[in-house]
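Trainee: sequence unknown, structure follows:
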């Protein structure tokens with residue numbers, strides 16, 4: 001039982017050390033600079049910042065285009 005506990009402890013220590021190394025690497029590499037502007041890069045003129053243009057599941061509101069398509073079917 002002591003062997004299993006020791007192996008688990010060593011694995012947890014290795015994963016923790018890897019996480020700390022990855023954090024320092026990212027900080028040194030500049031991954032945390034300009035976090036606000038980097039978060040807004042995914043938006044374009046058709047999807048302004050802060051405006052929800054899509055959702056999952058789709059909203060139940062029907063537009064006139066979808067209503068007319070359903071009537072034609």
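Mentor: Thanks, I have it. These numbers come from a predicted model, not from an experiment.

Trainee: When you work out contacts or count neighbours from here on, use the C-alpha atoms and nothing else.
Mentor: OK.

Trainee: ok, residue 34 to residue 24 distance?
Mentor: For residue 34, the distance to residue 24 equals 17 Å [C-alpha to C-alpha, to the nearest Å].

Trainee: who has more neighbours, these two?
Mentor: In this view residue 34 and residue 24 are compared by other C-alpha atoms under 10 Å, and residue 24 has more residues nearby, 12 against 9.

Trainee: Can you tell me the SS state at the more buried one?
Mentor: helix (DSSP: H, G, I helix; E, B strand; the rest coil).

Trainee: Likewise for residue 47?
Mentor: With three-state DSSP as the criterion, residue 47 reads coil.

Trainee: how near is it to residue 25?
Mentor: 33 Å.

Trainee: ditto for residue 45
Mentor: Residue 45 sits 34 Å away from residue 25, going by C-alpha to C-alpha.

Trainee: next one: residue 13
Mentor: Counting by C-alpha to C-alpha, the gap from residue 13 to residue 25 is 18 Å.

Trainee: Could you do residue 35 as well?
Mentor: Residue 35 is 16 Å from residue 25, by C-alpha to C-alpha.

Trainee: just residue 43 next, same as before
Mentor: With C-alpha to C-alpha as the criterion, residue 43 and residue 25 are 28 Å apart.

Trainee: cool, residue 44 as well?
Mentor: From residue 44 across to residue 25, the span is 30 Å (C-alpha to C-alpha).

Trainee: How about the helix or strand encompassing residue 15, which residues are buried there?
Mentor: Using DSSP states H and E, residue 15 sits in helix 2-29. Residues of helix 2-29 classed as buried: none (neighbour count, 16 or more other C-alpha atoms under 10 Å).
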